[in-house]
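Peer 1: Structure of the sequence below:
(one chain, ligands or ions: 2)
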Amino acid sequence: MENVISLKNITKSYGDKVKTEVLHGIDLDISEGDFCALVGQSGSGKTTLLNIMGLLDRPTSGTVSVFGRQLEKSDNDELTAIRGRTIGFVFQFHHLIGAFNSLENVMLPMMAASGGLATKAMREKAKYLLDSVGMSDRLTYKPDEISGGQRQRVSIARALAMDPKVILADEPTGNLDTAMSNEVFSLLRKINLEQKTSFLIVTHDSTVAASCDRTVKIVDGRLI
Ligand SMILES: Nc1ncnc2c1ncn2[C@@H]1O[C@H](COP(=O)(O)OP(=O)(O)OP(=O)(O)O)[C@@H](O)[C@H]1O
Ligand SMILES: [Mg+2]
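Peer 2: Ligands and ions are numbered 1, 2, ... in the order given. From the prediction side, this is the model:
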């Protein structure tokens with residue numbers, strides 16, 4: 001199967017004078033329809049890796065490819081365009097805009113995309129997505145007027161706004177109770193099965209990891 005994202009020998013160092021390498025030669029392929037857990041201790045490099053895979057950050061060395069295309073020579077505008085049509089994010093803390101209601105938060109990525117839909121079409125699509133995550137009765141509620149699980153569901157709808165090929169989720173159930181966590185996880189799985197969207201899910205929860213199709217573990221910046 002084709003790889004949506006492929007990492008070859010990725011390293012990442014932070015710091016100017018004193019460099020600290022936090023990723024030491026990572027190889028990882030996410031194929032179409034993949035449903036993969038990423039586990040590892042705090043500080044092991046999970047978010048750093050996700051940011052590089054999601055084209056939010058560049059590696060110090062190594063190659064990131066999206067659908068077989070190597071991106072090290074791409075400029076930031078090009079990376080933004082590729083990210084916009086390929087990759088969705090669900091963050092640990094929802095990152096919804098507090099002043100906007102659910103509908104507006106889901107419309108935001110569509111509004112940011114150039115040459116996108118007309119406002120009415122964006123609104124219809126945002127409604128459809130919020131309905132698909134069971135939030136159609138909370139369209140006009142702001143993030144502080146809904147529960148943690150509901151905020152994560154709005155975040156998932158937002159991640160789906162641009163029909164991504166892969167969703168990178170950084171502890172999407174990290175701050176939820178068990179029932180909410182199960183609900184959000186089931187939703188991710190449903191999207192994976194119905195739309196063949198690939199997932200890489202960072203989790204500390206062994207039950208969540210065990211429910212994925214495979215698990216990769218990172219220890220001190222190395223995959224094992
Ligand atoms: N912008 C930065 N500047 C310097 N060091 C950083 C930066 N971002 C991350 N690091 C370092 O890189 C290492 C990996 O951090 P990262 O956030 O990727 O860990 P993580 O596995 O996501 O941890 P957690 O489970 O706590 O979220 C840590 O030692 C951290 O201090
Ligand atoms: Mg992290």
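Peer 1: contacts and neighbour counts: CA atoms only from here.
Peer 2: Fine.
Peer 1: Packing partners of the longest helix belonging to the chain?
Peer 2: For the chain, the helix with the greatest residue count under DSSP state H is helix 178-195. Using 3 or more C-alpha pairs under 8 Å, 6 or more residues apart in numbering; DSSP states H and E, the elements in contact with helix 178-195 are helix 148-159.
Peer 1: relative to helix 148-159, how tilted is the longest helix of the chain?
Peer 2: On the basis of axes from the mean of the first three to the mean of the last three C-alpha atoms, to 10 degrees, helix 178-195 is oriented at 20 degrees to helix 148-159.
Peer 1: What lies in contact with helix 178-195?
Peer 2: 33, 35, 133, 149, 152-153, 172-174, 197-199, 208 (C-alpha atoms under 8 Å, 6 or more residues apart in numbering).
Peer 1: Recalculate using a threshold of 6 Å.
Peer 2: Applying C-alpha atoms under 6 Å, 6 or more residues apart in numbering, the contact partners of helix 178-195 are 149, 173.
Peer 1: quick one: buried residues of that helix?
Peer 2: Going by neighbour count (16 or more other C-alpha atoms under 10 Å), the buried part of helix 178-195 is 180, 181, 182, 183, 184, 185, 187, 188, 189, 191, 192.
Peer 1: Quickly note the distance from the fifth one to ligand 1.
Peer 2: In other words, residue 184. The spacing between residue 184 and ligand 1, counted by C-alpha to the nearest ligand atom, to the nearest Å, is 19 Å.
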